[in-house]
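S.K.: Coordinates for the following, if possible.
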Amino acid sequence: MKQVSQNYKTGSIRLSTVPAPALQSGGVLVRTRFSVISAGTEGMKVREGKMSYLEKAKARPDQVKKVLQTVQQQGVAAAYGKVMNKLDSLTPLGYSLSGEITAVGEEAGEFVAGDRVACAGVGYANHAEINFVPRNLVVAVPHAVRMEHAAFATLGAIALQGLRRSDMQLGETACVIGLGLIGQILMQLLRAAGMHVVGIDLVPERCEIARASGADAAGAPNGAEIPSAVERLTKGAGADCIFLCAGGDSNKPVELAVALARDRACVVDIGKTRLDLPWKDFYEKELNVRFSRSYGPGRYDPNYEELGIDYPIGYVRWTERRNMEAFLDQIARGEVDLDPIISSIEPFERAEQVYQDLSEGKAGGLGIVFRHPSPDQERGSVGTSATTIAPSKPVDGEVRIGVIGAGNYARSMLLPHLVSDSDARLVEVSTATSLSAEDAARKFGFERKGTSYRELLSRDDISAVLIATRHAAHADMCASALQSGKAVFVEKPLAIDLAGVEKVRSAIADSDNDRLLVGFNRRYAPLLVEMKNRLAGRTYPLTMLFRVHAGQMESSSWYLDPSQGTRFIGEAGHFLDVFSFLTDARPTKAFSLSLRPASSTPDDLENVSCTIQYDDGSAATLQYLTQGGSKTPKEVLEVLGGGQTLQLQNFTAVQVYTNRGKERIRKGGADKGQSNQMKAFVHAVKSGGAMPISVDCLLDTTLATLACAESMRRGAPVELAEFWNAQADA
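M.R.: So this is what the prediction gives:
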């Protein structure tokens, strides 16, 4: 199928052939009929894409702050790698479309194939011939609504949410500053709700459209018509509400809002405009400033948008989905007419030229709509889950790898090392979204790209699989890959619960395939290997302390999704594996203490101290923390035993203290072992020798991680053998 994407590094926009998305639970596959270009949001992306690195940094100060935090914790090299990887990635464009459902996933049974629907969502309602969209971002289109009009449902919901934020009542007067797509739609919704409306814009043609659509007045911000109209409509009191739908760096819209507002009026910001509020003017009128957050309640909430968990109507009357439905109802009733604001309907195959015209200011009018090919025009290009670049014949001894999942970590920390390994060949990549598969194939030279991992596992020309998806899928995918006879590298964690551990263990036993490695990369770090060499031949137990400052999570992080396990479950295996590596011993008991306030829940594993005992008498403590300052080094390890102390400082140096003095060891930059790890995996698969870490050790580390979490819940130590046996008995 075809999809529009942008490379933010170069700014280039392409219409590319990509794999069709796979059907997932909780959503539907939609064949797109029409999709709308948002001149505001997408125009901003087009302009930012053509900026220099410095200009991009100035345009996104929020991202610069994140980069600086990465530099402070992980160093310049790591930060640079992450930034360049992020920039040189393909991102989707579009977020509002209409189409027909072609397939329905589990837990989306309110829909059936063939339904006419409108869809919303960045990353879901893309400019693409086929899209997977979660159920709460999909609404039925009434029979009276034309599909090219239904494609505006997302934009209509944005305007409608702005109206709801104003709390306006019948007979009041509103001013709409900025008569782009959102402003024009908002103006019509206000008229339908019984308000007087004054439109304001610098472009005369937009003012003409507003007047033709029912505005009481419309004109330029610096003309005499606007103040006169507001005075006439309000009997000199001033507007009840001013909506800011304009964009840009000028503060004039805010200043104009003050001049037009009545005493204690409301100012609602919908667009992305400068907001330097003149304190004296806002204070004297006691103006109420409100922000309207996109389509409505549910926006930016992954539980609502991705998992399909709706808000009860008795508590949240108007969600983003209900706003979309209400807007389509207004079209069906004839209260909103979109024909005047549709400037052109363009064939989808002209997408690149349309964006080029947009970037050069040649695309006139307001609403540009893409008309997508009908099924009989597609000639079979839509619906295939994989596309092929002519594969070459296998070379004796090469390790032919299929990759499932290609997120930021895989692209920056795993795949570059495989590309540089002459014994490895990247054959196929399968990802959840079409564009991420296309991006990985572009960057790393995969011969095939797709969105069905089961198809990948069925390939006879793939000998090894790398799994780097979200955590909850690891155990199932790992078990399936082992049963298909592949060697498997799976990023940590191996599993997020005991059932997952048992699934992997059973797959190994049933298939007699133990060719498994988990991404516990720190044991391959040169400095950690040096530490173990210093402990060679020991006959004494070790005392170990690993302090990890994980930092605060963003509210949008998928780690916060309970179905994916916690961040602790996802990351702790790294550090517990270090203890097993240094001791060559098996963990036997775990005990965890909460370092959070008493109000935290038993499942809250963000600030914990875990102590693990080993069968050689060693003891280790993992402190997994978020409370420190942003400049705190992320990882510090201290090992004591046999008259010496070894201190690893964020993988940049080791300090050795003995009775004879002290020594400082360096091995270059901060190397956490990813390169050596991937080399070890490829070598083991190619040679047929033992995998770098035994299956028993992999299962032990996973079990110890889960036991630490269980100890937190119980408030008591957990014997690993008892913990596992209880699961087996169940």
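S.K.: Identify the residue spatially nearest to Glu306, adjacent ones excluded.
M.R.: Leaving aside its chain neighbours, Glu306 sits nearest to Pro134 (5.7 Å; criterion: CB to CB, 6 or more residues apart in numbering). All C-beta atoms are positioned from the backbone trio N, CA, C, and that covers glycine.
S.K.: Mind pulling up the pLDDT for the one you found?
M.R.: On the pLDDT scale, Pro134 is placed at 98.
S.K.: again with Glu106
M.R.: On the pLDDT scale, Glu106 gets 95.
S.K.: now it, what's its secondary structure?
M.R.: What DSSP: H, G, I helix; E, B strand; the rest coil gives for Glu106 is coil.
S.K.: cool, Met678 as well?
M.R.: Per three-state DSSP, Met678 ends up helix.
S.K.: Mind jotting down where the strands sit in the stretch 251-400 of the chain?
M.R.: 261-269, 288-291, 342-347, 367-371, 386-388, 399-404 (DSSP state E, counting those that start in this stretch).
S.K.: what packs against the longest one?
M.R.: This means strand 261-269. helix 153-166, strand 239-244, helix 279-285, strand 288-291 (3 or more CB pairs under 8 Å, 6 or more residues apart in numbering; DSSP states H and E).
S.K.: what comes up buried for it?
M.R.: Neighbour counts over strand 261-269 (16 or more other CB atoms under 10 Å) mark Ala261, Arg262, Ala265, Cys266, Val267, Val268, Asp269 as buried.
S.K.: Highest mean neighbour count out of the helices and strands packed on strand 261-269?
M.R.: strand 239-244 (a mean of 28; mean count of other CB atoms under 10 Å).
S.K.: who's Pro92 bridged to?
M.R.: According to DSSP bridges, Ser5 are recorded as the beta-bridge partners of Pro92.
S.K.: Does it touch Tyr8 like I think?
M.R.: No - counting by CB atoms under 8 Å, Pro92 does not reach Tyr8; the two are 11.5 Å apart.
S.K.: Pick out whichever of these two has more residues nearby.
M.R.: Neighbours of Pro92 and Tyr8, each counted by other CB atoms under 10 Å, are more numerous for Pro92; the result is 22 against 17.
S.K.: dump the residue contacts of the more buried one.
M.R.: Counting by CB atoms under 8 Å, 6 or more residues apart in numbering, Pro92 touches Gln3, Val4, Ser5, Val122, Gly123, Asn126, His127, Ala128, Thr433, Leu435.
S.K.: how far away is it from Ser436?
M.R.: 10 Å (CB to CB, to the nearest Å).
S.K.: Report the mean per-residue pLDDT for the longest helix anywhere in the chain.
M.R.: Counting by DSSP state H, the longest helix found in the chain is helix 695-714. Computed over helix 695-714, the mean pLDDT rounds to 96.
S.K.: so how far is it off the chain centroid?
M.R.: 28 Å (CA atoms, centre = their mean, to the nearest Å).
S.K.: Over to stretch 543-558?
M.R.: For stretch 543-558, the distance to the chain centre is 19 Å (CA atoms, centre = their mean).
S.K.: Could you number the chain from 566 rather than 1 from now on?
M.R.: Right, with 566 as the first residue, what we last looked at is stretch 1108-1123.
S.K.: Show residues contacting that stretch.
M.R.: 634, 638, 865, 867, 1035, 1124-1125, 1129, 1132, 1136, 1140, 1143-1144, 1147-1148, 1171, 1183-1191, 1193, 1195, 1197-1206.
S.K.: do the same with stretch 830-839
M.R.: 605, 609, 723-724, 727, 730-733, 743, 745, 747, 751, 803-816, 818-819, 822, 826, 840, 850, 852-857.
S.K.: can you put the helices and strands packed on strand 826-834 in JSON lines and add mean pLDDT and distance to Thr1153?
M.R.: Converted to JSON lines, these look like this (pLDDT from 0 to 100; distance: least, CB to CB, whole Å):
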{"stretch": "helix 718-731", "mean pLDDT": "98", "distance to Thr1153": "56"}
{"stretch": "strand 804-809", "mean pLDDT": "98", "distance to Thr1153": "63"}
{"stretch": "helix 844-850", "mean pLDDT": "94", "distance to Thr1153": "65"}
{"stretch": "strand 853-856", "mean pLDDT": "96", "distance to Thr1153": "54"}
